[in-house]
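Enquirer: What follows is a predicted structure for the sequence shown.
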Amino acid sequence: MVDTPSDKPLVSVVIPVFQEAGVLQVFLASIRQVLSVSPVSYELVLVDDGSSDDTWPLIMQEAKSSSAVRGFRLSRNFGKELAICAGLEKARGDAVIVMDGDGQHPASLLPELIRLWQASGADVVQAVKRTRGEESLSNRVGALLFYSILEKLSGFDFKGASDFKLMSRKVVDAWLRMGERNVFFRGMTAWMGFTTVQIPFEVARRASGHSTWSYLKRLKLAITGITAFSSMPLQFVTFAGGLFLVFSIFLGGQTLYLKLAGRAVSGFATVILLELIIGSFLMISLGIIGEYLARIYREVKGRPRYLVSQSTETDKNPPQDFLL
Ligand code: UDP
Ligand code: MG
């Protein structure tokens, strides 16, 4: 399954793809061109995340023309994180590189990632965004807010974090041992530690098409990231409760005093305000607890993280190992 059978190290490039028919061929050609002159053997592990366009036929075609290409098609759209997870499980390389399939992670950086891995002996070579490319202002602000909250809550540094990285076999095996369903790839790799070297890169323009991440998808990922890496929001509920207790002792004392002094007449506004404030705090607290509960529920159900419906390795029959 490699380009040339040899004792050169094997590097797997895992690429999650969703509705990328417009860019895929050109992108794969650029990767193959770059890797064919590098001092390693390679395989391309393409995970089609339930695309409805021509992405899968294109992957099959690529796999037919080159034995270095391996394609897996998920049974529906499971989201980028789980598509990466599928790719990591299928990858067989001594090192695995994860990158986007839309051309935004430049193929020209691959030799440098590999060189650094071999030269430095580091377990993770992390490509760090120099700038955030041509993102909209709302996306930038959203990302800044999310990462600063996540950093404060979890204590990990996510500055310039991207999913573009090389991981050694040891790290991939360690990653695969984390069986959680709420997958947040970059957070989980940051959590693992290991020696990491960084390499800056400029986010390229999308070759064509458009980002399929809606605001809702981004928000969901942000909530997954925060709940998976911190239980601080739950402590916030306790903290808010404590604050209200102090406040209620003060207000209760004052009300009682006015009552005993026979001056308890007005106070309608206070009652309404208290109702509203306490009501909304209670609902937010329930929401936070519910969020954790829903995630615990998802974890205990123990369903497979994704399902593979087709693969280029078993053309006719669905793979037998489809349960992971
Ligand atoms: N992607 C995926 N599943 C999804 C959405 C995206 O596998 O549900 C892939 C997509 O094909 C691309 C990568 O994830 O290779 C990054 O997606 P995109 O460019 O839409 O995100 P952005 O660059 O805006 O973060
Ligand atoms: Mg992109």
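Expert: Done, it's in. Numbers count the residues shown, from 1 in each chain. Ligands and ions are numbered 1, 2, ... in the order given.
Enquirer: Return the residues of the stretch 101-250 of the chain in contact with ligand 2.
Expert: With CB under 5 Å from the ion as the criterion, the stretch 101-250 of the chain meets ligand 2 at residues 102, 104. C-beta here means a position set from N, CA and C on the backbone, and glycine is covered the same way.
Enquirer: Write out the residues of the stretch 101-250 of the chain neighbouring ligand 1.
Expert: Proximity of the stretch 101-250 of the chain to ligand 1 (CB under 6 Å from any ligand atom) is limited to residues 101-102, 104, 211-213.
Enquirer: Give the residue spans of the stretch 51-200 of the chain that score low on pLDDT.
Expert: 132-135, 159-160 (pLDDT under 70).
Enquirer: Helices of that one, start to end?
Expert: Taking DSSP state H, counting those that start in this stretch as the criterion, the stretch 51-200 of the chain carries its helices at 55-65, 80-90, 110-120, 137-154, 169-176, 185-192.
Enquirer: Mind giving me the packing neighbours of the fifth one?
Expert: Just to be clear, that refers to helix 169-176. Judged by 3 or more CB pairs under 8 Å, 6 or more residues apart in numbering; DSSP states H and E, the packing partners of helix 169-176 are helix 80-90, strand 95-98, helix 185-192.
Enquirer: give me that answer again for 7 Å
Expert: Helices and strands touching helix 169-176, by 3 or more CB pairs under 7 Å, 6 or more residues apart in numbering; DSSP states H and E, are helix 80-90, helix 185-192.
Enquirer: dump the residue contacts of residue 96.
Expert: Going by CB atoms under 7 Å, 6 or more residues apart in numbering, residue 96 touches 12, 14, 88, 167, 172.
Enquirer: Please work out which of the helices of the stretch 51-200 of the chain is packed deepest.
Expert: Ranked by mean neighbour count under mean count of other CB atoms under 10 Å, the helices of the stretch 51-200 of the chain are led by helix 80-90, which reaches a mean of 23.
Enquirer: Tell me what angle it forms with helix 185-192.
Expert: Helix 80-90 and helix 185-192 are oriented at 60 degrees to each other (axes from the mean of the first three to the mean of the last three CA atoms, to 10 degrees).
Enquirer: hmm, helix 80-90 touching ligand 2?
Expert: No - Helix 80-90 lies out of reach of ligand 2 by CB under 5 Å from the ion, never closer than 9.6 Å.
Enquirer: Using CSV, list the CA coordinates for that helix.
Expert: Only the C-alpha atoms of helix 80-90 are listed here, as CSV (Å, rounded to 0.1, in the frame of the first residue of the first chain):
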residue,chain,number,x,y,z
LYS,A,80,-14.4,16.6,10.8
GLU,A,81,-13.2,15.5,14.3
LEU,A,82,-14.6,12.0,13.8
ALA,A,83,-13.4,11.8,10.2
ILE,A,84,-9.9,12.5,11.6
CYS,A,85,-10.4,9.9,14.2
ALA,A,86,-11.3,7.3,11.5
GLY,A,87,-8.2,8.3,9.5
LEU,A,88,-5.9,7.9,12.5
GLU,A,89,-7.3,4.5,13.1
LYS,A,90,-6.7,3.4,9.6
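Enquirer: Perfect, that will be all.
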